[in-house]
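>>> 3D, please:
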Amino acid sequence: MEDYMKEYHGCWPTMITPFTENNTVDFDAIKKLVEWYIAHGADGIFAVCQSSEMFFLSKQEKLDIAKAVVDANAGRIKVIASGHTADNHAEQIDELGAMAQTGADAVVLVANRMAKQNEGADVFNKNAEDIFRQLPNVTFGLYECPYPYLRLLTDDFLADCARTGKLVFLKDVSCSNEIEVRRVKLTAGTKLALFNANTSTLLDSLIAGYDGYNGVMANFHIDIYKWMYDHFKTEPEKARRISDFLTVAAVSEARAYPVNAKFHYSLTGVPMSLTTRSKDVSILNENARHEIESLIRMEKEIRAELGLAG
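Residues are numbered from 1 along each chain as shown. Purely as a prediction, here's the structure:
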């Protein structure tokens with residue numbers, strides 16, 4: 001791992017969007033959620049992302065949410081935002097430029113928006129370069145979002161962006177330690193920060209030189225991720241055991257997310273409706289609720305062992 005800390009580092013949640021029972025954005029809950037993240041050790045917040053249900057938000061809602069997060073944060077930690085959802089390239093330029101005006105520290109590009117699934121690296125590179133050209137004063141990150149399809153960056157594109165400073169942040173969704181190790185080498189000595197979205201490969205990626213974690217499960221126990229991030233060098237055996245807990249806990253992501261995250265928040269100090277736009281609330285059935293209640297009990301035990309506040 002490089003012996004200096006990059007500007008973008010640590011453990012970041014992928015922020016969910018609270019909605020009211022009437023399916024409008026709950027800005028009061030957003031403020032409380034920002035406070036919860038900071039109180040539990042978040043080093044930054046990724047707002048208006050896939051977890052935020054950004055493909056189900058209007059352009060104005062995306063901008064309003066980003067501005068609300070920036071205002072609630074008040075400069076305490078980093079805030080980045082995406083909202084990069086349009087299919088049309090010209091509309092993408094417009095939405096990215098507008099997002100840059102919200103005060104977010106960086107605007108996050110979505111890899112699968114820059115070329116269709118059946119288009120190759122030439123189209124992707126052309127569209128990316130046009131975005132960089134038309135928005136030269138915007139600080140960009142990039143997210144390999146798996147929805148609606150997964151597009152991983154090529155080595156050449158990543159190395160060029162690292163070398164030229166076009167990107168400061170990558171949310172890696174490769175879920176592959178082989179790729180992660182290669183990406184550490186490709187970006188060595190640059191300011192581009194590598195964040196892993198995947199829990200099962202996270203610890204090994206940190207050992208290899210990754211700069212942090214940015215994933216769904218930070219909405220459940222970011223403080224435990226933060227402990228592992230802070231201690232994996234000094235307490236490697238305990239960090240491996242905590243990694244095993246986090247990996248098994250992350251299975252719940254596939255069950256009823258983001259409804260189960262909202263249920264978890266409602267039981268742990270951030271009251272909010274279970275309403276979502278991307279999933280039917282009914283997927284959080286009795287069994288799924290019991291799973292979250294069990295997870296909360298396990299979290300309390302792990303926190304007690306690590307000396308973390310509840």
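>>> and the helix or strand hosting Ile292, what does it pack onto?
Assessed by DSSP states H and E, Ile292 sits inside helix 286-306. Counting contacts by 3 or more CB pairs under 8 Å, 6 or more residues apart in numbering; DSSP states H and E, helix 286-306 is packed against helix 218-231, helix 236-249, helix 253-256, helix 259-267. All C-beta spots, glycine's among them, are computed from the backbone N, C-alpha and C.
>>> and the gap between Ala162 and Pro136?
To Pro136, Ala162 is 18 Å away according to CB to CB, to the nearest Å.
>>> more crowded one of these two?
Of the pair Ala162 and Pro136, Ala162 is the one with more neighbours under other CB atoms under 10 Å, namely 22 against 7.
>>> Run through the residues that contact that one.
Counting by CB atoms under 8 Å, 6 or more residues apart in numbering, Ala162 touches Leu186, Thr187, Thr190, Lys191, Leu192.
>>> Now, of the residues you listed, which are buried?
By neighbour count, with 16 or more other CB atoms under 10 Å, the contacts of Ala162 hold Leu186, Thr187, Thr190, Leu192 as buried.
>>> in what helix or strand does Val107 lie?
Counting by DSSP H and E, the element that carries Val107 is strand 106-110.
>>> Mean confidence (pLDDT) on that strand, please.
Averaging pLDDT along strand 106-110 gives 98.
>>> mind listing what's buried in the helix or strand just after that strand?
Next helix or strand after strand 106-110 toward the C-terminus (DSSP H and E): helix 121-134. Of the residues in helix 121-134, Phe124, Asn125, Asn127, Ala128, Ile131, Phe132 count as buried by neighbour count, 16+ other CB under 10 Å.
>>> pLDDT and distance to Glu53 for these - can I get that in TSV?
Converted to TSV, these look like this (pLDDT from 0 to 100; distance: CB to CB, whole Å):
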residue	pLDDT	distance to Glu53
Phe124	98	25
Asn125	98	29
Asn127	98	24
Ala128	98	25
Ile131	98	23
Phe132	98	27
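>>> would you turn the residues you listed into TSV with distance to Tyr143?
TSV is the format used below for these (distance: CB to CB, whole Å):
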residue	distance to Tyr143
Phe124	14
Asn125	17
Asn127	15
Ala128	13
Ile131	14
Phe132	16
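>>> Residues touching stretch 19-37, excluding its own?
Contact with stretch 19-37 is made by 13, 15-18, 45, 57, 61, 64-65, 68-69, 72-73, 77, 222, 265, 269-273, 275-277, as judged by CB under 8 Å, 6+ apart.
>>> Which of those residues fall within helices?
Among these, the residues falling in helices (DSSP state H) are Glu61, Asp64, Ile65, Ala68, Val69, Ala72, Asn73, Ile222, Tyr265.
>>> Got a PyMOL select line for the buried ones in those residues?
Here is the PyMOL selection string for the buried members of the ones in helices among the contacts of stretch 19-37, based on 16+ other CB under 10 Å:
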select buried, resi 61+64+65+68+69+72+73+222+265
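>>> so how far is stretch 226-237 off the chain centroid?
Between the centre of stretch 226-237 and the centre of its chain there are 21 Å (CA atoms, centre = their mean, to the nearest Å).
>>> looking at this structure, which helix or strand is least sure?
Across the helices and strands of the chain, the lowest-confidence element by mean pLDDT, DSSP states H and E is helix 253-256, at a mean of 86.
>>> buried sites along stretch 253-270?
Buried residues in stretch 253-270 (16+ other CB under 10 Å): 253, 256-265, 268, 270.
>>> just curious, which of the residues you listed is nearest to Ile302?
Distance to Ile302 across those (CB to CB) is lowest for Thr268, with 13.9 Å.
>>> Look up the closest residue to the closest one, ignoring the ones flanking it.
What sits nearest to Thr268 in space, not counting adjacent residues and going by CB to CB, 6 or more residues apart in numbering, is Ile296, at 6.5 Å.
>>> Surely Leu142 is in a strand?
Yes. Under DSSP: H, G, I helix; E, B strand; the rest coil, Leu142 sits within a strand.
>>> Tell me what it is bridged to.
Listed beta-bridge partners, Leu142: Leu109, Leu170 (assigned using DSSP bridges).
>>> List the contacts of it.
Val108, Leu109, Val110, Ala111, Leu153, Cys161, Leu167, Phe169, Leu170, Lys171.
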